[in-house]
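> heads up, no residue letters with this:
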């Protein structure tokens, strides 16, 4: 398992995170630890825009992503979420394992 020391988000998601509207992220890697605190960045060399704490991690198949997963990610439907993940990660099959990280924004 590879460990990560910060989390990179697309710029479009940063405002949702800072407003508390996005409380989850779906990744193909299991490198973030429950209980870990991570700086939120748009690019690896940017200063942190905030800090989040991972409160849970769940493994699912891509095909199992549902409406609740979409809502927690800030999307209006599971299909919208899946399209965004395909744009981000490319060709994802229904059998691809994904890791759902729930987080809370830490106040500075």
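On my side now, so go ahead. Everything numeric here is computed off the predicted structure, so don't read it as measured data. Numbering: from 1, shown residues only.
> switch to C-alpha atoms for all contacts and neighbour counts from now on
Fine.
> can you map out the strands along this protein?
7-8, 24-27, 37-41, 50-61, 97-106 (DSSP state E).
> Quick one: residues contacting the closest residue in space to residue 58 that isn't next to it in sequence.
Distance criterion Cα to Cα, 6 or more residues apart in numbering; nearest residue to residue 58, sequence neighbours excluded, is residue 100 at 5.1 Å. Residues near residue 100 by Cα atoms under 8 Å, 6 or more residues apart in numbering: 24-27, 56-60.
> what's the closest of the residues you listed to residue 35?
residue 56 (7.9 Å; Cα to Cα).
> Next, the contact list for the closest one, please.
Counting by Cα under 8 Å, 6+ apart, residue 56 has contacts 34-35, 100-103.
> Of those residues, which is the most crowded?
residue 103 (24 neighbours; other Cα atoms under 10 Å).
> confidence score at it?
Note for residue 103: predicted pLDDT of 97.
> ok, now residue 108?
For residue 108, the predicted pLDDT is 59.
> Kindly report the same for residue 91.
84.
> Residue 37: how many residues sit nearby?
For residue 37, using other Cα under 10 Å, the count is 20.
> Touching, it and residue 55? I think so.
No. The criterion here is Cα atoms under 8 Å, and residue 37 misses it with residue 55 at 9.5 Å.
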